[in-house]
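Participant: 3D model of this:
(chains A, B and C)
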Amino acid sequence: MARSVTTRRKIINTALAWSIGLLIFFPILWTILTSFKTEATAIANPPQFFFFDWTLENYAVVQERSNYARFLWNSIIIAGGSTILGIIIAIPAAWSMAFVPSKRTKDILLWMLSTKMLPAVGVLYPLYLIFIELGLLDTRIGLTIVLMLVNLPIIVWMLYTYFREIPGEILEAARMDGASLRSEILYVLTPMAVPGIASTLLLNFILAWNEAFWTLNLTAAKAAPLTAFIASYSSPEGLFYAKLSAASTMAIAPILILGWFSQKQLVRGLTFGAVK
Amino acid sequence: MGQITLQKVSKKFGNAEVIPPLDLTIEDGEFTVFVGPSGCGKSTLLRLIAGLEDITSGSILIDGTDATDQPPAKRGLAMVFQSYALYPHMTVRKNIAFPMRMAGIDQAEQDRRIEQAAAALNLTDYLDRRPGQLSGGQRQRVAIGRAIVREPSAFLFDEPLSNLDAALRVGMRLEIGELHKRLRTTMIYVTHDQVEAMTMADKIVVLRAGVIEQVGTPLELYRTPRNTFVAGFIGSPKMNLLEGEEASRHDAHTVGIRPEHIDVAEEGGLWSGRVGVAEHLGSDTFFHVHETGLAETITVRAPGEVNFRHGDRITLSPRLEQLHRFDRDGARIA
Amino acid sequence: MATQHSRSAARLMMAPAVILLLGWMLVPLTMTLYFSFKKYLPLRGGDLGWAGFDNYVRFVTSSAFWPSVQATLVIVGGVLLITVALGIVLALLLDQPMWGQGVVRILVIAPFFVMPTVSALVWKNMFMDPVNGLFAHLWAFFGAQPIEWLSQASLASIILIVSWQWLPFATLILLTAIQSLDSEQLEASEMDGAPPLSRFMWIILPHLARAITIVVLIQTIFLLSIFAEIFVTTGGAFGSRTLTYLIYQRVLESLNVGLGSAGGIYAVILANIIAIFLMRIVGKNLDA
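Facilitator: Numbers count the residues shown, from 1 in each chain, chains lettered A, B, ... in the order given. From the prediction side, this is the model:
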């Protein structure tokens, strides 16, 4: 928009937007600040904002007492594994739907979407039984598979919308050049779709990282990722604000950083291409 | 070798028959142009030959062997697409090397053929660039290079020049023509531009609604169009087609006379009319003549120095030995 | 662009995704359906025979059912109202020229990336705790009696927490939609002499209608199944037991699988009704 705006209006806009932005961000900021306080400062009244004795002690205690690194590792394995697995399964499917569309393509896409809307609680017990039967309860592989299935529709959808932007003639050219289907996908389509695949990877990693329902219900001590680790702080003996804050900060920091990179793709991914 | 034979080939999309069964033979080494208005099925026909679409019935033979069920990669054909379809993530060198890489040709041979193709196509300085950094004409050459190195039995061109500007198009037309003279490989070229067809082809196939209207050399088509459609499509400006009294005088339903076969004079001609628009090209002048009583407009091509103006009354003398006669169905009367 | 060959290849390559999702949907759902017609109590001998529609009837006639429906509606409705209304205001604001737009955008979006358990815990303890929470300090500062948020105003508290999490989503989508509005259209209406409020009412709002619908539908689907926020904060107590949470308790806490499964089927039907509307919109977009 090439509209000129008075400086006064711009100042008002800026002040207003920043105030609201900071207000919304405040709980996160407050958590991060508190994580550097001693337990006594953390609950002090009046609250201390910046001028307190900064300490890293909480981080050390959290790691030492609950072995934070193990939960972090579980989170990385489960979120990363489910996303990569999902992408490997979704790329061929998205290729089919984007480049060899048939009358049923639309129905299949919508049907996939509909599985995403199935309320998890409705199938909790059966899945519980299946997990016990297969010995998957509280294992990383079990949760990885479930989260992959939960996010697969979104992955297929995102890849499909990205693939559709690639001209079909280029794939035909590859076919004329003697490429097999495998080479066509591996050497031509995938490299061309790298930005789209990366965005898909990022967003779904975040979704898997933050997933709470299955994580809380299908894992216990061994395979619990950070979401479950944090939930363990809701028990009364865990009520130390500074330590809770340190644990929380460690759990959300990686994803906040990744999230900032993915904000553009977020809209597209979460609205299934309906808003671009 | 590169002889391509279509036997009773037809194509349906759902229930719509795009190409009713047709027969066609393209001889080895021939430059064949498929030409026709948009939607006439010429690109579809090319894609059927390439193997990018299945034929509904009939068979396609390449050098005498049945290729109907072979995938595109196995047919030994190379294709140059309208959009060039270069791989944007690969350098020019990698683009050209791709078909050889797929065929498992060894590196030394790959390099040799790339150098050769690049030299022939003036691409040597651009081998390490990506397609995005090239001009339209250069991209076109890369696409041709990618086709050449496969040493295919035939080249397929799908309107390759339509994305280029007019000046470049003339240049590329000559380059492709020279390439054919040098390689002597079968080429099939699809275009809607009859000038491209006339200038490049050994053999022109005129298509309308999936049906072959006529096959022949450019001059055959020009001199003896088989029907009014071909008569109107080949030649620029278009042939004048007259019906009614003038036609019945020649025992025909329709008569046709090309603009270049009508002479103009101030008086003394067979027909008369008033000049509407006069287009002076320098070498030639085109007159669009109205009020002739024969047709809405009669187009005449005169030498550049003839100088009539808008509104002038002139007379026209058709060279009657160049008159084309057609019957009620539009077919030529011999 | 398709030959028989590529079409059959396409079917083959679609197969893994389709089969996996089909299994993921059908197997547990069939089991739930099966259990819902059973008297099934794992701690009291497991399968105690067929129950007909008993579970379905008991689920809706239990004293917990209607309050849970009410809690669900209040939470979903409240969050939708807050996020959409504030989302529009924020999106309009963020679309204005200002300094540091990128940073503000990031600040606003950040809550979406906070995992639900973290946000629930942080709000519960550090803000809503009646003794040490920031709100308690704030109330005390003004001389007011601190509120026991999660027991006295449990629904409002949960709505606040969940709204905080979903406001970024609504804002981001509405902002994207506003930015796709042709600025010439706005300028034309300005030339026509439309004051700002009617420009908003007659040009911006209609343009946003589709985006708002999408926000509402997608959020509804996610909000109907919010779990961690309740699990961590109230554990379903103090009138904050939603339908999802009720089913969860029936299945995993009181281990009445038959009853819980019947509830689950209700939830599936409910979600499907909403999903149909969302699919229509998404499907239409697919044709374009």
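
Participant: Quick one: residues contacting whichever residue of the stretch 101-250 of chain B sits closest to chain A.
Facilitator: Proximity of the stretch 101-250 of chain B to chain A (CB to the nearest CB) peaks at residue B:102, 4.0 Å away. Just so you know, the C-beta spots here come from the backbone N, C-alpha and C atoms, and that holds for glycine as well. Applying CB atoms under 8 Å, 6 or more residues apart in numbering or on different chains to residue B:102 gives the contacts A:177, A:178, A:179, A:180, A:183, B:73.

Participant: and those as CSV, adding pLDDT and secondary structure?
Facilitator: Output for those, formatted as CSV (pLDDT from 0 to 100; DSSP: H, G, I helix; E, B strand; the rest coil):
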residue, pLDDT, secondary structure
A:177, 90, coil
A:178, 88, coil
A:179, 89, coil
A:180, 88, coil
A:183, 91, helix
B:73, 85, helix
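
Participant: From those residues, list just the buried residues.
Facilitator: Buried by 16 or more other CB atoms under 10 Å in any protein chain shown: A:177, A:178, A:179, A:183, B:73, out of the contacts of residue B:102.

Participant: just those residues now: which is nearest chain C?
Facilitator: residue B:73 (10.5 Å).

Participant: Contacts only, for residue A:203.
Facilitator: Neighbour list for residue A:203: A:154, A:158, A:262, A:265, A:266, A:269, A:270 [criterion: CB under 8 Å, 6+ apart].

Participant: Give me the distance between the host helix or strand of it and the centre of its chain.
Facilitator: Per DSSP states H and E, residue A:203 falls inside helix A:194-210. Averaging C-alpha positions (CA atoms, centre = their mean, to the nearest Å) puts helix A:194-210 7 Å from its chain's average.

Participant: gap between the closest residue to residue A:99 other than its chain neighbours and residue B:198?
Facilitator: Take residue A:99 and drop its neighbours on the chain: the residue closest to it by CB to CB, 6 or more residues apart in numbering or on different chains is residue A:168, 5.6 Å away. Residue A:168 is 31 Å from residue B:198, where distance means CB to CB, to the nearest Å.

Participant: Neighbours of the residue of chain B found nearest chain C, how many?
Facilitator: Residue nearest to chain C within chain B: residue B:54 (4.5 Å; CB to the nearest CB). The number of residues packed near residue B:54 is 16, by other CB atoms under 10 Å in any protein chain shown.

Participant: Equivalent analysis for the one 3 residues further on, please.
Facilitator: Residue B:57 is surrounded by 12 other residues when neighbours are defined as other CB under 10 Å.

Participant: again, but for residue A:88
Facilitator: The number of residues near residue A:88, taken as other CB under 10 Å, comes to 12.

Participant: what helix or strand does it sit in?
Facilitator: helix A:68-99.

Participant: buried sites along that helix?
Facilitator: If you call a residue buried by 16+ other CB under 10 Å, then helix A:68-99 has these buried ones: A:68, A:70-72, A:74-75, A:77-79, A:81-83, A:85-87, A:89-99.

Participant: Next: stretch B:131-150.
Facilitator: B:131, B:134, B:137-150.

Participant: So which of these are in strands?
Facilitator: Per DSSP state E, strands hold no members of these.

Participant: The buried ones among the contacts of residue B:102 into TSV, with extra columns for distance to residue C:175?
Facilitator: TSV is the format used below for the buried ones among the contacts of residue B:102 (distance: CB to CB, whole Å):
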residue	distance to residue C:175
A:177	43
A:178	47
A:179	42
A:183	41
B:73	47
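
Participant: Could you dump those into CSV with distance to chain C added?
Facilitator: Listed next are those as CSV, based on distance: CB to the nearest CB, whole Å:
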residue, distance to chain C
A:177, 15
A:178, 14
A:179, 12
A:183, 13
B:73, 11
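
Participant: where's the nearest residue to residue B:200 once chain neighbours are set aside, which helix or strand?
Facilitator: Nearest non-adjacent residue to residue B:200, counting by CB to CB, 6+ apart: residue B:177, 5.5 Å away. Taking DSSP H and E as the criterion, residue B:177 maps to helix B:166-183.

Participant: C-terminal to that helix, what's the next element?
Facilitator: strand B:186-191.

Participant: For that next one, enumerate the helices and strands it packs against.
Facilitator: Applying 3 or more CB pairs under 8 Å, 6 or more residues apart in numbering or on different chains; DSSP states H and E, one finds that strand B:186-191 contacts strand B:31-35, helix B:42-50, strand B:154-158, helix B:166-183, helix B:194-200.

Participant: ok, 7 Å please
Facilitator: strand B:31-35, helix B:42-50, strand B:154-158 (3 or more CB pairs under 7 Å, 6 or more residues apart in numbering or on different chains; DSSP states H and E).

Participant: which of the residues in the first one are buried?
Facilitator: Going back to what we said before, that points to strand B:31-35. In strand B:31-35, counting by 16+ other CB under 10 Å, buried: B:31, B:32, B:33, B:34, B:35.

Participant: Likewise for the last one?
Facilitator: Along strand B:154-158, the positions that meet the burial threshold by neighbour count (16+ other CB under 10 Å) are B:154, B:155, B:156, B:157, B:158.

Participant: Might you report the residue contacts of the fourth one?
Facilitator: In this case it means residue B:157. By CB atoms under 7 Å, 6 or more residues apart in numbering or on different chains, the contact set of residue B:157 is B:80, B:187, B:188, B:189, B:190.

Participant: Tell me how many other residues crowd the first one.
Facilitator: This points to residue B:80. Residues lying near residue B:80 (other CB under 10 Å) number 26.

Participant: repeat for the fourth one
Facilitator: When neighbours are defined as other CB under 10 Å, residue B:189 has 26 of them.

Participant: Also the one 4 residues further on?
Facilitator: Here the count is done by other CB under 10 Å, and residue B:193 has 16 residues near it.

Participant: Any figure for the gap between it and residue B:219?
Facilitator: Distance from residue B:193 to residue B:219, by CB to CB: 18 Å.

Participant: so where's chain C shaky on pLDDT?
Facilitator: The model of chain C has pLDDT under 70 over residues C:1-2, C:285-288.

Participant: can you tell me how far whatever residue of it ends up closest to chain B sits from residue A:104?
Facilitator: Residue of chain C nearest chain B, by CB to the nearest CB: residue C:3 (4.5 Å). Plainly put, residue C:3 is 18 Å away from residue A:104 if you go by CB to CB.

Participant: which one of these two has more residues nearby?
Facilitator: In terms of neighbours (other CB under 10 Å), residue C:3 is the more surrounded of residue C:3 and residue A:104; the figures are 20 against 12.

Participant: Test for you: state the pLDDT assigned to the closest residue to that one other than its chain neighbours.
Facilitator: Nearest non-adjacent residue to residue C:3, counting by CB to CB, 6+ apart: residue B:54, 4.5 Å away. Looking at residue B:54, its pLDDT is 88.
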